[in-house]
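Colleague: Sequence and predicted structure, then a few things I'm wondering about:
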Amino acid sequence: MARLNNPLAKVAVLGLLLLLVVLLQFEYDATKITLPASDAQTVSPFMVRIMDMGFHPAVASFLWATTMPEILDLWNGKSEYFNDLAFVNAIDPKLSYPYAFSVLTLPAVPAQNDPNSVAQAEAIGKQGLANADTDWRIPYYMATNEFLYAKNDQAAAEYYNIAAQTPGIPAYAQRFSLNFGIETNQRQKTEQLWETIKDSTNDPDSQARAQAYIDHLQDFDYLDAASAQYKKEFGVYPTSPDQLVQKGIIPSVPVDPFGFTFIIQTDGTSAIDLNTLPAYMTTSTGAGE
Amino acid sequence: MRNIFIIAKNTLKLEIRDKILYGIIVFGLLYVFFTLFLADLVLKEPTMVKAFGLTGIYFFNAIIALFLGTTSFFKDVDRKVVYFILSKPVSRAQFLLGKFLGLCMVLLLTSAILGVAYLGVVYFKVGVFDWIGIAAIALQFMEMTLFLAFAIFVSTFASSLLSIVYTSGVFFLGHIVSQLVTDAKTIGIGGIRLWLVEILYYIFPNLEKFDVRDFAIHAVATPWTSFGLAFAYAVVYIALLLTAAVWVFDKKEI
């Protein structure tokens, strides 16, 4: 066999061989016979857990990467997503993201495609709260679903409360969770809701937590009333809660149970100061107390 | 003791010149960096990024341990190095211990290279330094040293190919045996069959205790006693395997 001494000739031969490889692949793809794909569910999670040699999180993560896009099929009336999600959860029940993702996304599926999507999201969320790593997103998204879709404010308040106490919750989400329902027109309803929660439990910690929310809401009422009194006496609204103390309207500015600083807005209503958040929020402990 | 360190040092020098080892390390690094892409696929979810990374390090270190443990001894026999060394005032036990320590050093080096790449990837993608991951990598290293000791032990009496088969088998069995016992009890297997599985459970290297990846990935606190027991188990089992290897090697005619 003659030796190729010219480098260009060598490159040309290699290029030709590579081209041939590509052409063969094209030809193979065009002529290959595709056998029916095996159903992933014929393999049980039980067997996978035995055979994966302890790599449960990695195997579940790989499977989740292929399961996640299947949620789009729900818009086309296909429901493999639920089976595959259950499979992923069975391999690694502690992997929290599949639960959080499902709780967030499922309610967006139109009712004509899946009339039970909100209930399914709640069921998956409850499963996640029971089994998964502590992940604030699960109760936070559950609370949002309860508020927006199920119109169940009590459940929303309870889930926001769980989210607010979950370690690792970002300050913005914790602030929102702790201040759920503080708007003037919502406050009375939210206060009643926390009264109900407080009365429904014998657990002293849960009662104390509910009382903290009630005190938090009542502080706004107290400052709003004092602000209105200030306007009556001085013709203008105060610019800060301290002015209410200085003018003798209230003996002292209430101390918020969650550590927020109160301000008085230009319309005379009280609010929390978004620029001065409690120290625990900047350190992200999720304690909320 | 000095002889052991000299052999260990020379084994390290010899092995790190091996191109196959470089190839495996390069593939390991490529995989760890590939997790950057996988991380995007799972929306940079920290648990999943860690799961992919730690699995990769484990997998490639296992290949390296299998490769080193089952080839190093035979290479020395093929190259007649073993005859040269044993003609000096070096005992067979010193030779085997030196080989083991040298191979452990190679593993330590590869674990460190892959571990640093992993920590960098996690820091870059998730923005946290994975302290618990270091503990998981350390225990993976302990598991690999045990694996290596087993491979050396098998190499003293079996051929290179059989060493690979036996070592891989024990590696696989070592991981599933805990699960097998649990599942056998769950599905109601009893009597002699359960007894046989339990014998396997206690006698074969039980590698499950070195797997703290789940704990590291899910950030679950692991008691120090678990680390201590796993470490002690590895030390005792390695001592057992190397002692047996020395006995077999002593009887071998070279």
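Modeller: Arrived safely.
Colleague: Next, the contact list for the closest residue to A:T67 other than its chain neighbours, please.
Modeller: Spatially, and ignoring its direct neighbours in sequence, A:T67 is nearest to A:D84 (4.2 Å; C-beta to C-beta, 6 or more residues apart in numbering or on different chains). Quick note: C-beta positions are derived from backbone N, CA and C, even for glycine. Residues near A:D84 by C-beta atoms under 8 Å, 6 or more residues apart in numbering or on different chains: A:A40, A:L63, A:T66, A:T67, A:E70.
Colleague: of the residues you listed, closest to A:L95?
Modeller: Among the contacts of A:D84, A:L63 lies closest to A:L95 (C-beta to C-beta), at 9.8 Å.
Colleague: which helices and strands sit right next to the helix or strand where that closest one lies?
Modeller: Element membership for A:L63, per DSSP states H and E: helix A:56-67. The contact analysis (3 or more C-beta pairs under 8 Å, 6 or more residues apart in numbering or on different chains; DSSP states H and E) places helix A:56-67 against helix A:80-91, helix A:97-105, helix B:46-78, helix B:213-217.
Colleague: In a markdown table, list these along with distance to B:V122 and mean pLDDT.
Modeller: Shown next, in a markdown table, are the helices and strands packed on helix A:56-67 (distance: least, C-beta to C-beta, whole Å; pLDDT from 0 to 100):
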| stretch | distance to B:V122 | mean pLDDT |
| --- | --- | --- |
| helix A:80-91 | 22 | 92 |
| helix A:97-105 | 16 | 93 |
| helix B:46-78 | 6 | 87 |
| helix B:213-217 | 11 | 80 |
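Colleague: Nearest to B:S160, out of these?
Modeller: helix B:46-78 (4.8 Å).
Colleague: Isn't B:F153 up against B:L242?
Modeller: Yes: the pair B:F153 and B:L242 qualifies as a contact (C-beta atoms under 8 Å) at a distance of 7.2 Å.
Colleague: Who has more neighbours out of these two?
Modeller: B:F153 (28 against 20; other C-beta atoms under 10 Å in any protein chain shown).
Colleague: For that one, which residues are in contact?
Modeller: Here B:F153 is in contact with B:L241, B:L242, B:A244, B:A245, B:V248 (criterion: C-beta under 8 Å, 6+ apart).
Colleague: What are the buried residues along the helix or strand encompassing A:H216?
Modeller: For A:H216, the host element (DSSP H and E) is helix A:204-234. Using 16 or more other C-beta atoms under 10 Å in any protein chain shown as the test for burial, helix A:204-234 gives A:209-210, A:212-217, A:219-220, A:222-224, A:226-227, A:230.
Colleague: same check, this time on stretch A:48-59
Modeller: Applying 16+ other C-beta under 10 Å to stretch A:48-59 flags A:V48, A:R49, A:D52, A:M53, A:G54, A:F55, A:H56, A:P57, A:A58, A:V59 as buried.
Colleague: got any ranges where chain A has weak pLDDT?
Modeller: Scanning chain A for pLDDT under 70 picks out the ranges A:1-5, A:32-42, A:282-289.
Colleague: which is the next helix or strand following the helix or strand containing B:M105?
Modeller: B:M105 belongs to helix B:92-126 when assigned by DSSP H and E. Toward the C-terminus, helix B:92-126 is succeeded by helix B:131-155 as the next helix or strand (DSSP H and E).
Colleague: Counting neighbours, what do you get for B:D76?
Modeller: The burial count for B:D76: 20, using other C-beta under 10 Å.
Colleague: How much space separates the spatially closest residue to it that is not a sequence neighbour from chain A?
Modeller: Nearest residue to B:D76, sequence neighbours excluded (C-beta to C-beta, 6+ apart): B:V82, at 4.5 Å. Distance, B:V82 to chain A, by C-beta to the nearest C-beta, to the nearest Å: 34 Å.
Colleague: go on, B:G23?
Modeller: Counting by C-beta to the nearest C-beta, the gap from B:G23 to chain A is 21 Å.
Colleague: cool, and B:Q179?
Modeller: Distance, B:Q179 to chain A, using C-beta to the nearest C-beta: 5 Å.
Colleague: Just the pLDDT at that residue, thanks.
Modeller: pLDDT for B:Q179: 78.
Colleague: Report the contact partners of B:F124.
Modeller: By C-beta under 8 Å, 6+ apart, the neighbours of B:F124 are B:L36.
Colleague: confidence score at it?
Modeller: On pLDDT, B:F124 comes in at 87.
Colleague: hang on, the earlier thing: with the contacts of A:D84 in mind, which one is nearest to chain B?
Modeller: A:T66 (9.5 Å; C-beta to the nearest C-beta).
Colleague: The residue nearest the centre of chain A: what's it in contact with?
Modeller: Most central in chain A under C-alpha atoms, centre = their mean is A:R137, positioned 2.5 Å from the mean C-alpha point. Shown in contact with A:R137 (C-beta under 8 Å, 6+ apart): A:S96, A:A100, A:V103, A:L104.
Colleague: Same check on A:A226?
Modeller: A:L244, A:I249, A:I250.
Colleague: follow-up on the earlier one: how much space separates the residue nearest to B:D76 from B:S72?
Modeller: Per C-beta to C-beta, to the nearest Å, B:V82 is found 11 Å from B:S72.
Colleague: related to what we said a few turns ago, I'd like to check what contacts the helix holding A:L63. Which residues are they?
Modeller: By C-beta under 8 Å, 6+ apart, helix A:56-67 touches A:48-49, A:52, A:81, A:84-85, A:87-89, A:91-92, A:94-95, A:97-98, B:38, B:41-42, B:45, B:47-48, B:50-52, B:54-55, B:213-214, B:217-218.
Colleague: before we move on, the earlier item: continuing past the helix holding A:H216, what's the next helix or strand?
Modeller: Note on helix A:204-234: by DSSP H and E, the next helix or strand toward the C-terminus is helix A:241-246.
Colleague: and that next one, how far out from the chain's middle?
Modeller: In terms of C-alpha atoms, centre = their mean, to the nearest Å, the centre of helix A:241-246 is found 39 Å from the chain centre.
Colleague: Could I get the contacting residues of the closest residue to chain B within the stretch 101-250 of chain A?
Modeller: Nearest residue of the stretch 101-250 of chain A to chain B: A:D133, at 5.0 Å (C-beta to the nearest C-beta). Contacts for A:D133 (C-beta under 8 Å, 6+ apart) come out as A:K94, A:L95, A:S96, B:T47, B:H218, B:A219, B:V220.
Colleague: B:S91 now?
Modeller: Neighbours of B:S91 in contact, by C-beta under 8 Å, 6+ apart: B:N3.
Colleague: Check B:V154 too.
Modeller: With the criterion set at C-beta under 8 Å, 6+ apart, B:V154 makes contact with B:T70, B:L162, B:S163, B:Y166, B:T167.
Colleague: Tell me, how many residues neighbour the second one?
Modeller: Put plainly, it is B:L162. 13.
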